[in-house]
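>>> Pasting the sequence and the predicted model now:
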Amino acid sequence: MTFSERLNEYIICLDCTAKELSEASELSPSIISRYRKDSRVPSPGSEHLLKLSDGIHTLFVRNGVADAPDRDEILAELTATLQDDQFDLDLFVVKLNELIDAAEVSVSRLARSMNYDASYLSRVRTGDRHPADPAAFADGVCRFVSANCTGPDEIASIASLLGKPASVFADQRSYFNALRGWICDANPSKTDNVDHFLSKLDEFDLNDYIRSIRFNELKIPTVPFQFSTAKHYYGLEQMCAGELDFFKATVLSHAKENVFMCSDMDIADMAEVENFGKKWMFAIALCLKKGLHLDMIHTIDRPFDEMMLGLESWLPIYMTGQISPYYLKNARSEVYQHLNYVSGAAALTGECIAGHHKNGKYYLTKKPEEVAFYREKSNALLKIAQPLMEIYRSERQDAYREMLECENDLSCKRHGILTAPPIYTLPTELLDEILKENGISDDFSQEIRNYTAKMRAIFEKTVESNEYIDEIPKISREEFEAYPLNLSIEGLYAEVDVRYDYDRYLRHLAATEDAARRFENYTVTQSIRRAFRHIQIFIREGEYAIIAKSNAPTVHFVIRQPKLRRAIENIILPVVE
């Protein structure tokens, strides 16, 4: 009998709810839920196991059950179900997904090789199912990957994920052993940089950035850029000049069409060309200053940590709302690399053989018929590209609300990582007090009331049939006074702070905990630390994640790309037990 089976037997015998056991054992509802689903087990002799045994015994006594086992008997029975080689299944699922993404494994082929149904394997990946024998399951995955993912790019990607030199994968046995040791290790992956990316986003202030680069002082040149109608560039230095010439032609023209950019060429070589990086970013800034919109297809078929570092460098541009980022599925070639830039004034195309970037060639043209050809080519690429993320600023708030309206009926688990208690648990009378204390105008106060009522109605309908978990930081009075909290009204895109005082914050927190008692599917956990100060994360598991940046300008990033979405879904914060 497994630990989860024995625990569920106790719950049935006691005729109690998971919340009642949570309160009796002083363990969070999310921990109890994970124990019941067999996605996590306590270590033998751990404080969690002792608390759980005490909680079960307390409920036996409270219910007056005759011949109830004592604490030591309960502890012994639960301990007997635990094995020293038990997996941390939550972490196992995270690593399984990282490996599949890094190796670009075909899930259907993997399922066939392991004699599983593909839908079952997909449920394992989302955490909805857990393999009965995790060790054997891990062996099957590692055997498949070590036998089939042997190309240079695959080896390089997996070596980066595991943090090992490519020489480790020289033969299949060493390859298998390296994979098996990593995926079954109890330590989290060191290469998942999503926490770092989110922290950078939390700290980033667009207004400070604009001041630091003197963006408002930039002047768009008016002298026309003269060059022949077409020009070729060979080798790295000329190719760098070609990219800058493309931006010059774009910025100095009267054209207002979107700028399209797509390249899977290695950038490390060009970064070594003196001052190219600074000039390139300055050229991008001039495009934004001119008011041009950028359609950018990113190359994400690379190790996850490299992808996240690349996204970090684009943060300032994402925050402007003047870029639409995309990606192509399985588009990277092991042989050929290409570049395609198009604006209303010019087109730049480039090519090289992978590993021979220095011998590449660019071609820049402003011939109308050629620019039109490359514009059609860019439109064709955009039709098959997938959004890397959807970016909504205040000017697109109606589109954001429409998107939410369409997604409200999704049947999936909801998970929020919040900076403050959610607006949908805020009592009306407490809201009125907060609005009055902040001196909010009558019109805006009514807008906030309407928004709160709408969010409350959506929440109450959703929680009837969907599991809903909110993680909220437990904030001391000292921390609150150092970093005051604002009401969570980022969905209104209002650049006005509506602040709590500490007592009203505690009252809202109590109202949120009361909602968790009233709604069976709603769980509130309190994290040990405040994860972020300026962003909140709303997850619809298996569908999308929203990162809401609340300090001005308010921005919502809606992420559906599987690799990035799963990384956000698997954020685990320390919980107050």
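Received the coordinates, thanks.
>>> Neighbours of residue 458, how many?
Here the number of neighbours of residue 458 (other Cβ atoms under 10 Å) works out to 14. From N, CA and C alone the C-beta is placed, and that goes for glycine too.
>>> Tell me which residues touch it, please.
Neighbour list for residue 458: 408, 424 [criterion: Cβ atoms under 8 Å, 6 or more residues apart in numbering].
>>> That one: which element?
helix 442-462 (DSSP states H and E).
>>> Next, report how far that helix is displaced from the centre of its chain.
27 Å (Cα atoms, centre = their mean, to the nearest Å).
>>> before we move on, what about stretch 162-180?
28 Å.
>>> what's the span of that stretch, first residue to last?
With Cα to Cα, to the nearest Å as the measure, stretch 162-180 spans 11 Å from end to end.
>>> in the stretch 251-400 of the chain, which spans are strands?
259-263, 294-298, 323-327, 336-342, 347-353, 361-365, 386-387, 390-392 (DSSP state E, counting those that start in this stretch).
>>> Show me what the third one is in contact with.
Okay, so that is strand 323-327. By Cβ under 8 Å, 6+ apart, strand 323-327 touches 293-300, 314, 317-318, 382, 385-389, 391, 561.
>>> so that strand versus strand 259-263, what angle?
On the basis of axes from the mean of the first three to the mean of the last three Cα atoms, to 10 degrees, strand 323-327 is oriented at 30 degrees to strand 259-263.
>>> List the strands paired with strand 323-327, with their directions.
Within its sheet, and counting by DSSP bridges, strand 323-327 is paired with strand 294-298 (parallel), strand 386-387 (antiparallel).
>>> Name the stretch among the ones you listed that sits most buried.
Comparing these by mean neighbour count (mean count of other Cβ atoms under 10 Å), strand 294-298 ranks first with a mean of 21.
>>> pLDDT on that strand, on average?
Averaging pLDDT along strand 294-298 yields 93.
>>> angle of it against strand 336-342?
Counting by the same axes, to 10 degrees, strand 294-298 points 170 degrees away from the direction of strand 336-342.
>>> how about the helices of the stretch 251-400 of the chain, start to end?
Under the criterion DSSP state H, counting those that start in this stretch, the stretch 251-400 of the chain contains helices at 268-271, 276-289, 304-313, 315-320, 368-384, 397-407.
>>> Out of the strands of the stretch 251-400 of the chain, which is the most enclosed?
It is strand 259-263: most buried of the strands of the stretch 251-400 of the chain by mean count of other Cβ under 10 Å, with a mean of 22.
>>> tell me what that strand is packed against?
For strand 259-263, the contact count by 3 or more Cβ pairs under 8 Å, 6 or more residues apart in numbering; DSSP states H and E identifies strand 294-298, strand 336-342, helix 368-384 as packing neighbours.
>>> I'd like these as CSV, with distance to residue 231 appended.
Converted to CSV, those look like this (distance: least, Cβ to Cβ, whole Å):
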stretch, distance to residue 231
strand 294-298, 23
strand 336-342, 14
helix 368-384, 12
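>>> and residue 523, helix, strand or coil?
Using DSSP: H, G, I helix; E, B strand; the rest coil, the structure places residue 523 in strand.
>>> Can you give me the neighbour number for it?
Neighbours of residue 523 (other Cβ under 10 Å): 21.
>>> hey, what's it bridged with?
For residue 523, the beta-bridge partners are residue 469 (DSSP bridges).
>>> How about the contacts made by it?
Counting by Cβ under 8 Å, 6+ apart, residue 523 has contacts 29, 30, 33, 467, 468, 469, 470, 516.
>>> Please tell me I have it right and the fourth one contacts residue 413.
Translated: residue 467. Yes. Look at residue 467 against residue 413 with Cβ atoms under 8 Å: they come within range, at 4.6 Å.
>>> list residues touching both of the two?
By Cβ under 8 Å, 6+ apart, no residue touches both residue 467 and residue 413.
>>> is it possible to export the contacts of residue 523 to JSON lines including pLDDT?
Below are these laid out as JSON lines (pLDDT from 0 to 100):
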{"residue": "29", "pLDDT": "77"}
{"residue": "30", "pLDDT": "71"}
{"residue": "33", "pLDDT": "79"}
{"residue": "467", "pLDDT": "90"}
{"residue": "468", "pLDDT": "91"}
{"residue": "469", "pLDDT": "90"}
{"residue": "470", "pLDDT": "91"}
{"residue": "516", "pLDDT": "92"}
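>>> Can you pick out the most distant pair from those residues?
Farthest pair in the contacts of residue 523 (Cβ to Cβ) is 33 and 470. Separation: 13.7 Å.
>>> quick revisit: which of the helices of the stretch 251-400 of the chain sits most buried?
Ranked by average neighbour count under the criterion mean count of other Cβ under 10 Å, those are headed by helix 315-320 at a mean of 19.
>>> Pull the residues that contact it.
200-201, 204, 206, 209, 284, 288, 294, 323, 325, 389, 391, 549, 553, 555, 557.
>>> Much appreciated, bye for now.
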